[in-house]
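K.L.:
Generate coordinates for the sequence data below:
(2 chains)
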Amino acid sequence: MRNRDEMEEELHKLPSAEMKPERKMKNLQEIKQSGRKRKNSYTFYPITLVVFLAVIGMGYMLMTPNNPTSISERHESTDLQKYFEGVEPIYSDSHISSSNPEHYEKSVAISYLYNAAEFYTLEGEKIHPLTADQDVESYFQYTEKEIEPFTNDPIMLDYKGTIIYLRSANQLIEDEDLSEKLDSLAQKMHQLNPDQTVQYNYEIYKDVSIEVGNIVKEINQVTSESFVYIGENSEWTIRLQPLSDSDYLIYLQKSKREGEMEVTISSPQHGFEDNFKFDYSVGYKFSSSLPKEIANADELKLTITEDGKQNPIVLKRKKLTQLYP
Amino acid sequence: MQYESSLEDWYERYSQDVFNFLVYYNKTEDVDDLLQEVFIKAWKKEFSFRQNSSPKTWLFSIARRVSIDRFRKQKVTKWFQIQDHMQQAELTPEQTLLHKEEFVYLYEAIDLLKRSYREVIVCRGILELSTKETAEVLQCSTSKVDTTYYRAKAKLRSILEDQGRGINHAESR
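P.N.:
You can find the predicted model right below:
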């Protein structure tokens, strides 16, 4: 349980409003009185007025779009879906930060789960449940005999990353059931061993991959659609993901790995400029004040400035799910 | 009568909570008519109450609805006008909640928030509903509740600091 902040503590100190017993009784009497009156009046309600209102109601329903306003009005969501309902998934292909803004923790958790969901076939093909043509189960249809020619290599290549991403996601998740499930999946992956047979490792890898694949597909049904701008040139790789309001997430990587770097990213055309400092030549940073027109553009022309040297770069807009293999 | 016995049962269990919600949501202790309206509407809608949701949050969602309807009919009033009330007859103990000097600064700051922020502050901060309960009351997603609550607290802090009443200052009073 995370510690409550001081502002929250102040709010919790505000006293409760209480009704004295006499006032409580009086209100109940009034309610009962109204209830009886309404009950009686319904008995004599003119049928023509009821029909009239029903016709109006039907017309209204036909004319207005079917926009359910609450979970209960749509198909029954699972607990997992309720937990991630409406969350903006964040794209990442590595660990983001140890100090993410609290209100984006679910978004970051999703990015880790999406990364954990990636798996390899025994042929060494990288598959992601969100972009695959088939269900995850379809990729694990080998019989014991068919597995024999293969090696543990693809499984061994992938399983440690899966464990790390599952554990990283788990740190950000407060739902106990989901947390338990992720922990158990990570524990199961720990059983993989290069000294074991392919058949042994394959069964474990298959179970976990299918389960994680189903989790991310379930989550993907209820998360909001997200876009990421991606650009790359000989010196830089940059990703910019607009988030809610004017927040955004930047990922920057310099091709030539050096130490600390301090850069300015700007778009004079849109009146946008922001500064970033990274300890290494790669990093993520959450920031805000992204102009609205930037968040909706098809293409972004930015300039990365480091030590006075300007480097223009063009970023293309892509759907988040398209970024997975 | 059957409907009265179930209505009384609900009233006994939840009226105090609903009253508390209405006072803070409407920024006034004069909420008897709203309280009555909530339970009357709840009784009338009882057949549509989903058994797997919480009666309390369902009642709060009705309370919110009737409050919004009232806002639209009336002018918005400030949390309270100290001077006006000082000139009126002596306040009863029940009427002193929103007049407690030590909390005036916080009430005034909350009053300056936009409605979506105020709603979450009332539900999560003052009434201490969970994120899930708040989402049910406000008919939005839990992630929306988390994000809005975070922003609302930040805004509240900022307002208090502008007024020279940061949290540390408040704690030292």
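K.L.:
Enumerate every residue touching the nearest residue to residue A:136 once chain neighbours are set aside.
P.N.:
Leaving out its chain neighbours, the residue that sits closest to residue A:136 by CB to CB, 6 or more residues apart in numbering or on different chains is residue A:213, at 3.5 Å. All C-beta spots, glycine's among them, are computed from the backbone N, C-alpha and C. By CB atoms under 8 Å, 6 or more residues apart in numbering or on different chains, the contact set of residue A:213 is A:117, A:119, A:129, A:135-136.
K.L.:
Go through these and name the one nearest chain B.
P.N.:
Nearest to chain B among these: residue A:117, at 20.0 Å, using CB to the nearest CB.
K.L.:
all helices of chain A, in order?
P.N.:
For chain A, helices defined by DSSP state H occupy the ranges A:6-13, A:21-43, A:47-63, A:79-84, A:105-116, A:144-147, A:153-171, A:176-189, A:198-220, A:292-296.
K.L.:
And residue A:152, how far from chain B?
P.N.:
39 Å (CB to the nearest CB, to the nearest Å).
K.L.:
can I get the helices of chain A in a markdown table with mean pLDDT?
P.N.:
Below are the helices of chain A laid out as a markdown table (pLDDT from 0 to 100):
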| stretch | mean pLDDT |
| --- | --- |
| helix A:6-13 | 89 |
| helix A:21-43 | 76 |
| helix A:47-63 | 55 |
| helix A:79-84 | 90 |
| helix A:105-116 | 94 |
| helix A:144-147 | 88 |
| helix A:153-171 | 90 |
| helix A:176-189 | 92 |
| helix A:198-220 | 95 |
| helix A:292-296 | 81 |
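K.L.:
which of those helices sits most buried?
P.N.:
Highest mean neighbour count of these: helix A:105-116, a mean of 26 (counted as mean count of other CB atoms under 10 Å in any protein chain shown).
K.L.:
helices or strands up against that one?
P.N.:
Applying 3 or more CB pairs under 8 Å, 6 or more residues apart in numbering or on different chains; DSSP states H and E, we find helix A:105-116 packed against helix A:79-84, helix A:153-171, helix A:198-220.
K.L.:
Could I get those in CSV, plus columns for distance to residue A:25?
P.N.:
Compiled in CSV, the helices and strands packed on helix A:105-116 are given as follows (distance: least, CB to CB, whole Å):
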stretch, distance to residue A:25
helix A:79-84, 39
helix A:153-171, 51
helix A:198-220, 49
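K.L.:
So which of those helices is nearest residue A:14?
P.N.:
helix A:79-84 (28.8 Å; CB to CB).
K.L.:
is any part of that closest one close to chain B?
P.N.:
Yes - counting by CB under 8 Å from any CB of the partner chain, chain B is contacted by helix A:79-84 at A:82-84.
K.L.:
got a list of contacts for the longest strand along chain A?
P.N.:
If you go by DSSP state E, chain A has its longest strand at strand A:309-319. Counting contacts by CB under 8 Å, 6+ apart, the residues outside strand A:309-319 that touch it are A:225-233, A:235-236, A:238-240, A:297-305.
K.L.:
now do 6 Å
P.N.:
In this structure, residues lying in contact with strand A:309-319 by CB atoms under 6 Å, 6 or more residues apart in numbering or on different chains are A:227-231, A:233, A:235-236, A:298-304.
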